[in-house]
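Asks: Could you work out the structure for the sequence below:
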Amino acid sequence: MSKKRSRRTWGLKILFAASEAHPLIKTGGLADVAGSLPAALRNLGHDVRLVLPAYPQALERLGEVETLATFEVVNAPEPVRLLGGRIAKSGVPVYLVDSPPYFQRAGNPYTSPNGADWQDNADRFALFCRAVVQLATDRLGLGWKPDLVHANDWQTGLIAPLLSFEPQRPATLFTIHNIAYQGVFDHAAFNRLQLPTPLWSMNGLEFHHHFSFIKGGIAFSDIISTVSPTYAQEVQTPEYGYGLEGLLHHRADRFVGVLNGIDYEVWNPNTDPLIEHPFDLDHLAKRRQNTRALQEEFGLPPDEDTLLFGYVGRLVDQKGVDLILQIIPGLMERTRIQIVMLGTGDLWLEQHLDEMAERYPDRVGVYIGYDEGRAHRIEAGCDAFLMPSRFEPCGLNQLYSLRYGALPVVRRTGGLADTVVDTHPETLANGTATGFVFDDPNASSLWSAVDRAALLYRERPEEWGKVMKNGMRQDFSWNRSAEHYVELYRRAIANPMPNPLVMG
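Replies: Numbers count the residues shown, from 1 in each chain. Below is the predicted model:
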């Protein structure tokens, strides 16, 4: 057994930069990763420190903080403070970049309360990137300099380009969580931000006469990763690459897909404080009590024989919510089928879901918004979980579903293809089946998968139980993924990439 490591035996020094991190601030899966991966790396003995903007929610939830430095940043309307604290549960040290004119706002990190993007997002996250660079080069005088900066998504995309001008820079790794969100702004914004002139080039940040934050992360980082092996292949194609497929293919020798993990302390049906009836593989009868409680919570008639489908996620086209809407009337023609859905997103999808709930009040339950407790209770209570995504870089809900005994119904794309094994005679026989997988992003293909699920549930309940147990036995904890990232960190440190602006 390994002994607890002292500070003198820390391994790598890693600065983990993100625009959100659970439990401080969350809008999506990035926050789950930024909350869990640093903790897993710390458990492996590495000195990991998290840095993100000082949003009001982050300040409130972090609790006690101290001012570590006050410094100037190009284009900042006033001096910026670096605040320090620590996440109580994991012990991960946290730096908050405090610029009230940019980050002390209502709404979420990216949008105003009315849902529109903040018009100064380029300025806000350029300031954040510049602050991270000062921290990473120890210009703030903290006496700590990382071996590597791990940046995440477009909001951190300028870190590697700005570090490329530093003679003694740390190594860099850039993770793409969703390439559809790129941080693209006009040339006027590039000029306004006073970015180094050489960065405006085809090999730099220029992207079809605009400039792209995410391109900077991809072009300048020593290693690029994304959140599943299949998605790493998909984004190198025109269908999924959103115009960056050529650059990613060019950098394929430094581009790796690493499957996300989940925090099995937070997502553990046997210890989950957010569900009414904890259960495990040896006490699956208790799971049915969660089904009944979920039906009551959503105002549906409790019925233990009902096949209950669930959905948790953003209400957007990417997630295939419109496909679910198309099959609901057909599902309602069958007896003993219900569906509960939780999410927020496009107004037209929210309205259509509300209409479905009104049309089928005993069969369809809808909650518009996000509620962490309800999300846990849906995973613990539904029989099957719908994820008909048109694309899905990794996906986390299917991993939660497997852990909680809800059979995922997913499209074969990205991380869904890497984590769910389709149920058919061969996989039933060899014990690998964990859910239901379909190929084409249309309602008829989703219907076929749902139909197969309903048939197994009704006619072969013993086999349904076996598939459920197969899923619950899967290990998608962060341990394996964190070890893979450590390998990538060492590779980046040992093999830095030449500056792409310097042509040989």
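
Asks: Quick check, pLDDT for V366.
Replies: The score at V366 is 98. That number is its pLDDT.

Asks: Tell me who's in contact with the residue nearest to it when sequence neighbours are not counted.
Replies: Counting by C-beta to C-beta, 6 or more residues apart in numbering, A357 is the residue found nearest to V366 once chain neighbours are left out, at 4.2 Å. Quick note: C-beta positions are derived from backbone N, CA and C, even for glycine. Listed by C-beta atoms under 8 Å, 6 or more residues apart in numbering, the contact partners of A357 are V364, G365, V366.

Asks: Helix, strand, or coil at the second one?
Replies: Judged by DSSP: H, G, I helix; E, B strand; the rest coil, the three-state class of G365 is strand.

Asks: Mind exporting the C-alpha coordinates of stretch 335-348 to PDB?
Replies: Output of stretch 335-348 as PDB, limited to C-alpha atoms (Å, rounded to 0.1, in the frame of the first residue of the first chain):
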ATOM      1  CA  THR A 335     -49.800   0.900 -22.500                       C
ATOM      2  CA  ARG A 336     -47.600   1.300 -19.300                       C
ATOM      3  CA  ILE A 337     -45.000   3.600 -20.800                       C
ATOM      4  CA  GLN A 338     -44.100   7.000 -19.200                       C
ATOM      5  CA  ILE A 339     -41.300   9.500 -19.800                       C
ATOM      6  CA  VAL A 340     -39.700  12.200 -17.500                       C
ATOM      7  CA  MET A 341     -37.500  14.900 -18.900                       C
ATOM      8  CA  LEU A 342     -35.300  17.600 -17.200                       C
ATOM      9  CA  GLY A 343     -33.500  20.300 -19.000                       C
ATOM     10  CA  THR A 344     -33.400  23.800 -20.400                       C
ATOM     11  CA  GLY A 345     -32.400  25.300 -23.700                       C
ATOM     12  CA  ASP A 346     -34.100  26.300 -26.900                       C
ATOM     13  CA  LEU A 347     -37.400  28.000 -26.300                       C
ATOM     14  CA  TRP A 348     -39.300  26.100 -29.000                       C
END
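
Asks: coming back round to it: next one: the residue nearest to V366 from L325, what distance?
Replies: A357 is 12 Å from L325, where distance means C-beta to C-beta, to the nearest Å.

Asks: does N178 count as helix, strand or coil?
Replies: Under the three-state scheme (three-state DSSP), N178 adopts coil.

Asks: need the strands for the stretch 101-250 of the chain, in chain order.
Replies: For the stretch 101-250 of the chain, the strands defined by DSSP state E, counting those that start in this stretch occupy 148-152, 171-176, 184-185, 206-207, 210-212, 223-226.

Asks: right, so of these, which gets closest to Q398?
Replies: Relative to Q398, the nearest member of those by C-beta to C-beta is strand 223-226, separated by 16.9 Å.

Asks: Contacts for the closest one next, please.
Replies: 171-177, 179, 217-218, 232, 235, 248, 251, 254-258, 393, 485, 488, 491-492.

Asks: Which among these count as buried?
Replies: Buried residues within the contacts of strand 223-226, counting neighbours by 16 or more other C-beta atoms under 10 Å: 171-177, 179, 217-218, 232, 235, 248, 251, 254-258, 393, 485, 488, 492.

Asks: ok, now which ones touch the spatially closest residue to G261 that is not a sequence neighbour?
Replies: Leaving aside its sequence neighbours, G261 sits nearest to W478 (C-beta to C-beta, 6+ apart; 3.5 Å). Contact analysis of W478 by C-beta under 8 Å, 6+ apart lists S36, L37, A39, A40, G261, I262, D263.

Asks: And G435, by the same measure?
Replies: For G435, the contact set (C-beta under 8 Å, 6+ apart) comprises 398, 401-402, 407-410, 420-423, 467, 471.

Asks: Bridging across strands, which residues link to it?
Replies: Listed by DSSP bridges, the beta-bridge partners for G435 are D422.

Asks: hang on, E72 packs against E78?
Replies: No - E72 is beyond contact range of E78, at 9.2 Å (criterion: C-beta atoms under 8 Å).

Asks: Give me the residues contacting stretch 279-286.
Replies: With contact meaning C-beta under 8 Å, 6+ apart, stretch 279-286 is reached by 269-270, 277-278, 287, 290, 380, 405, 465, 468-469, 472-473.
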